[in-house]
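Engineer: using only what follows, build the 3D model:
(chains A and B)
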Amino acid sequence: MPQPLPHPSGPGGDAEAGAVFAALADPTRRHLVAVLGAGGGATATGLAAELPISRQAVAKHLATLGRAGLVSQSRRGRESLFELDPRPLADAAAWLTTVGGEWDGRLADLQKLLDR
Amino acid sequence: MTLPRSERGPAVEQAATGRVSRSVELDAAPAEVWDALTEEALLTEWLADEVEIEAEPGGEIVCRYADGEERRGEVELVEEAERLAWSWRREGGSQPSRVELVLDAVAERTRLTVIETAPLRAAGPLLLAGTWGAPLARLRTAVRLVLA
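Structural biologist: Residues are numbered from 1 along each chain as shown, chains lettered A, B, ... in the order given. Take a look at the predicted model:
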């Protein structure tokens, strides 16, 4: 049963759009998300084999993604299996879509105002 | 490390850092656009149904909408006819997002660019209800939009 990684800043579960954006600001973490999204679960060792960084660095990035609610962790033998949880991405995407739509509407109104 | 082509480009960087950016060319000089950005009577024509603004650093901005929503925030940057920035939050929201408006004169017209940046640690109320139960297809779309 996958468990969310520990969430140091409060009760876990609620993914936060801002934390998601911050987690995705790093290109290596975006790459990890893309790899996990394409291939299902993976271990830190397996992920390190696909990236030019150490297993320790991978683990650190996975912890950051876990705090944003993007990655969940479960035991696979002696190693942890990491899986992508795409739900926070949906929230982050919803923020972008909503805010973008709001500005499209406002700027269209501003254009009308100034064209008068 | 070589990132896939789909992860390159400024639009992706904006999406991944929680920035929404829009740009329009307006048929007015920067001074005229500036009035539309800072005078309450003109702001109610496009920003919200009711607007209060003290257009100076540290000044208050309040926006009210017909559906009862209210946003409050603080003016952060005022450079007349050039740049205006404020941070605001929805009622009940915990952390504000930041809005920056940049004016560039283009001949007799003005290019206006707006950038809204997500709060770095936004709490629950920012999240939009209903997305948690989204079907997988919508989640895939979301993954594409955010990672793009």
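
Engineer: any buried residues in stretch A:76-93, and which?
Structural biologist: A:80-93 (16 or more other CB atoms under 10 Å in any protein chain shown). From N, CA and C alone the C-beta is placed, and that goes for glycine too.

Engineer: show me which pair in the residues you listed is furthest apart.
Structural biologist: A:80 and A:93 (27.3 Å; CB to CB).

Engineer: residues touching residue B:81, list them.
Structural biologist: B:30-31, B:33-34, B:103 (CB atoms under 8 Å, 6 or more residues apart in numbering or on different chains).

Engineer: per-residue pLDDT, the residue of chain B at minimum distance from chain A?
Structural biologist: For chain B and chain A, the shortest gap (CB to the nearest CB) falls at residue B:18, measuring 3.1 Å. Note on residue B:18: pLDDT of 80.

Engineer: what about the helices in chain A?
Structural biologist: Per DSSP state H, chain A carries helices over the ranges A:17-24, A:27-39, A:44-50, A:55-67, A:87-115.

Engineer: of those, flag the one that's most buried.
Structural biologist: Of all the helices of chain A, helix A:17-24 carries the top mean neighbour count, a mean of 26, counting by mean count of other CB atoms under 10 Å in any protein chain shown.

Engineer: if you count contacts, what does that helix end up packed against?
Structural biologist: Applying 3 or more CB pairs under 8 Å, 6 or more residues apart in numbering or on different chains; DSSP states H and E, one finds that helix A:17-24 contacts helix A:27-39, helix A:55-67, helix A:87-115, helix B:136-147.

Engineer: ok, which of these comes nearest residue B:110?
Structural biologist: helix A:87-115 (8.6 Å).

Engineer: if I look at the closest residue to residue B:95 other than its chain neighbours, how far off is residue A:26?
Structural biologist: Distance criterion CB to CB, 6 or more residues apart in numbering or on different chains; nearest residue to residue B:95, sequence neighbours excluded, is residue B:119 at 3.5 Å. Using CB to CB, to the nearest Å, we find residue B:119 at a distance of 18 Å from residue A:26.

Engineer: so where's the chain shaky on pLDDT?
Structural biologist: You didn't pick a chain, so chain A it is. A:1-16, A:116 (pLDDT under 70).

Engineer: to clarify, I was referring to chain B.
Structural biologist: B:1-17, B:94, B:120-148.

Engineer: contacting residues for the spatially most central residue of chain A?
Structural biologist: Centroid check for chain A by CA atoms, centre = their mean gives residue A:70 as the closest residue, at 4.3 Å. The neighbourhood of residue A:70, defined by CB under 8 Å, 6+ apart, consists of A:15, A:20, A:23-24, A:33, A:84-86, A:88-89.

Engineer: again, 7 Å this time
Structural biologist: By CB atoms under 7 Å, 6 or more residues apart in numbering or on different chains, the contact list for residue A:70 reads A:20, A:23, A:33, A:84-85, A:88-89.

Engineer: residue B:99 against residue B:117, yeah?
Structural biologist: No. Look at residue B:99 against residue B:117 with CB atoms under 7 Å: they stay out of range, at 8.1 Å.

Engineer: run me through the strand neighbours of the host helix or strand of residue B:115, direction for each.
Structural biologist: Assigned by DSSP states H and E, residue B:115 belongs to strand B:109-117. As defined by DSSP bridges, the strand partners of strand B:109-117 come to strand B:19-26 (antiparallel), strand B:97-106 (antiparallel).
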